[in-house]
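In: model the structure of this input:
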Amino acid sequence: MSLTILKDNPFVIIDGQVSIEIQNFIEKELLGFNFPWYYYDKTTHDTLNFSKFNIEYDESFQFSHVFIDEGNTNSNCKELILDKLLMESNINHEIIRAKANLKFKCDKGMLHNKPHYDQQKEHFVGIYYVNDSDGDTILFDEQENILEKISPKKGRWLFFKGDVLHSASHPYKSKNRVIINIDFKNE
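Out: Numbering: from 1, shown residues only. Model (predicted):
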């Protein structure tokens, strides 16, 4: 698959590209007892300046597992999970960063997390939804209005340009929300 699908669209949703067998395998591995998750007290990096945005948000913890960081493999689980997903999806693009995020059920009144860009350099983002959950991904337009809310659906891919401001929500009905977030180098 080519990320040129984003040439004329700020985002694209693709369902049904990943087989049920691979969907189930990835979900079982990421939610299994042996998968190494790491605690983060917030969802964005402090190194990027987001203070210019006027969007109200709530911040909460999450667990993450970084497969690739700055183009370098950072995990023994990369081949087991990430490579299988990319091969199954026929995606062969250079990766800047790839990680899995695990969010837990929060209060219903909680807003989405801090709106952000993943990278300061030009890139494309792919979000793969590991499980069915609530906890939408929210995309904002240049005026900071909500462009779209995308609901997590097991096996779904969401691709968007790296200059689309976005945020994640914690689930308030589901036990957890698990995604794989990949920042691809711009073609």
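In: quickly find the element holding L147.
Out: strand 146-150 (DSSP states H and E).
In: for whatever helix or strand comes next after that strand, which outside residues touch it?
Out: Downstream of strand 146-150, the next assigned helix or strand under DSSP H and E is strand 157-161. By CB atoms under 8 Å, 6 or more residues apart in numbering, the residues outside strand 157-161 that reach it are 3, 5-6, 10-15, 17-18, 89, 124-129, 137, 139, 150, 166. The C-beta positions use only the backbone N, C-alpha and C, and glycine is treated the same way.
In: tell me the buried residues within these.
Out: Among the contacts of strand 157-161, the ones that count as buried by 16 or more other CB atoms under 10 Å are 3, 6, 11, 14, 18, 89, 124-129, 137, 139, 150, 166.
In: what residue ranges in this protein score low on pLDDT?
Out: Along the chain, segments meeting pLDDT under 70 span 1-4, 42-58, 108-112, 187.
In: what about stretch 155-171, start to end distance?
Out: Start-to-end span of stretch 155-171 (CA to CA, to the nearest Å) is 17 Å.
In: cool, and stretch 163-173?
Out: Stretch 163-173 end-to-end distance (CA to CA) = 30 Å.
In: what residues of it count as buried?
Out: Buried-residue list, stretch 163-173, by 16+ other CB under 10 Å: V164, L165, H166, S167, A168, S169, H170, P171.
In: who's in contact with the second one?
Out: Spelled out, that is L165. L165 touches F53, P115, H116, Y117, L139, F140, E144, counting by CB under 8 Å, 6+ apart.
In: of these, grab the buried ones for ChimeraX.
Out: Command for ChimeraX, covering only those of the contacts of L165 found buried under the criterion 16+ other CB under 10 Å:
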select :115,116,117,139,140
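In: as TSV, the buried residues of stretch 163-173 with distance to Q62 would be great.
Out: As requested, those are exported to TSV (distance: CB to CB, whole Å):
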residue	distance to Q62
V164	20
L165	19
H166	15
S167	12
A168	8
S169	11
H170	8
P171	12
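In: just grab the bridge partners of the nearest residue to R156 once chain neighbours are set aside for me.
Out: Using CB to CB, 6 or more residues apart in numbering and skipping residues adjacent in sequence, the residue nearest R156 is Y129, 4.5 Å away. The bridge-partner assignment for Y129, based on DSSP bridges, gives I179.
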